[in-house]
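Novice: Here you go, sequence then predicted model.
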Amino acid sequence: MPFTYICKDSFLHKMNPAVKLLFLLLLTCGSFIVKNTLPAVLSIAVYTAFTLSIICLTLLCAIPLSVLLCGSKGVFFMLFFIIAFGSVNFNPISFNKEGLISTLFFSWSMLLSFSAGSLLFAVTKMTELKNVLFRITGSKRISLGLSLMLNFIPRFFYEWEKTKYAYRARAGKNGIIEIITIIPPVTHSMMQNALKTATALQARALNF
C-alpha cells in the first residue's frame, strides 16, 4: 500500500522525525529550485544525486524500491500529458524544445518529491509526525490540522487501491479508462471521510 509505514529496525526509522521532515522539505524545494538557478548540466548532476540518495537510503532501510513509486500511476499519466502539451507550440504548431526540457525537469522534480514522501511515510509513524509538527508550530490546533492533512495522503491511496481492486474484480479495463472510472467513487469516499473527521473534531471541540 502506498504511503504506509513499514516496520523495520533501520537507522532511518530511529532517526529524529524532525530531521527526516527537514530532509523531505529541502529535497522537494531544492528539486524545484535547481533548474531555475543552475545550468542544465549541473541541474542534471544535482537531480541525479537526489535520485541516488533516495535509492541508497531506501536500500539501507531494507525497503523494496517498488515502494517509492507505488501508487504513482495517476502521477505518470498527469506528467505524460504535461510533457506532451509542454513540448508543442500551438500558434503556429511546432516542436518546443525548451518546453520539453522544462517539463522533463518538472516531471523529475515531481517524481523525486513523490518518492521522498513515500520514503518518509515508510520510515516514520504518523504519531511521530504529529509530535514533531506540534514541537515546530507550538500550537495543538495547527499541528493537528497539518497531521490530519498528512494523514489524508495514505488514506487517499488506501481508498484508491480498494476501489481499483473492486473495479478489476468486475473485469474493468486498465489504462486511462480505469483512472477516469475510479476518480468519482474515490472522491466521494474522501469527502465522506473528511465529513466524518470534521464531525469527530466538532464533537471534541471542548478538549482543545
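Specialist: Thanks, I have it. Residues are numbered from 1 along each chain as shown.
Novice: List the first helix or strand encountered after the helix or strand bottoming out on mean pLDDT in the chain toward the C-terminus.
Specialist: Sorting the helices and strands of the chain by mean pLDDT, DSSP states H and E puts helix 140-169 at the bottom, at a mean of 78. Downstream of helix 140-169, the first helix or strand assigned by DSSP states H and E is helix 176-203.
Novice: and the closest residue to residue 131 other than its chain neighbours, what does it touch?
Specialist: Excluding the flanking residues, the one nearest residue 131 by Cβ to Cβ, 6 or more residues apart in numbering is residue 17, at 7.3 Å. Where C-beta positions appear, they are placed from N, C-alpha and C, glycine not excepted. For residue 17, the contact set (Cβ atoms under 8 Å, 6 or more residues apart in numbering) comprises 124, 128, 129, 131, 132.
Novice: Return the set of buried residues in whichever strand or helix holds the last one.
Specialist: In this assignment (DSSP H and E), residue 132 forms part of helix 126-137. Residues of helix 126-137 classed as buried by neighbour count (16 or more other Cβ atoms under 10 Å): 128, 129, 130, 132, 133, 134.
Novice: Off-centre distance for that helix?
Specialist: 19 Å (Cα atoms, centre = their mean, to the nearest Å).
Novice: Stretch 96-113 now?
Specialist: 17 Å.
Novice: try stretch 58-78
Specialist: In terms of Cα atoms, centre = their mean, the centre of stretch 58-78 is set 10 Å apart from its chain centre.
Novice: Over to stretch 128-146?
Specialist: 20 Å.
Novice: Please list the residues outside the helix or strand harbouring residue 45 that contact it.
Specialist: Using DSSP H and E, residue 45 falls within helix 40-60. Residues outside helix 40-60 that contact it (Cβ under 8 Å, 6+ apart) are 10-12, 27, 30-31, 34-35, 38, 64-65, 67-68, 101, 105, 108-109, 112, 115-116, 119.
Novice: of those, buried ones?
Specialist: Using 16+ other Cβ under 10 Å, the buried ones in the contacts of helix 40-60 are 12, 27, 31, 34-35, 67-68, 105, 108-109, 112, 115-116, 119.
Novice: which of the residues you listed has the weakest pLDDT?
Specialist: Of all the buried ones among the contacts of helix 40-60, residue 35 carries the smallest pLDDT score, 80.
Novice: wait, that one sits on residue 103?
Specialist: No. Counting by Cβ atoms under 8 Å, residue 103 is not a contact partner of residue 35; they are 10.8 Å apart.
Novice: And for this structure, the residue most distant from the center?
Specialist: No residue in the chain sits farther from the centre than residue 92, which is 36.1 Å out by Cα atoms, centre = their mean.
Novice: Give me the below-cutoff pLDDT ranges for the protein.
Specialist: Applying pLDDT under 70 to the chain picks out residues 1, 204-208.
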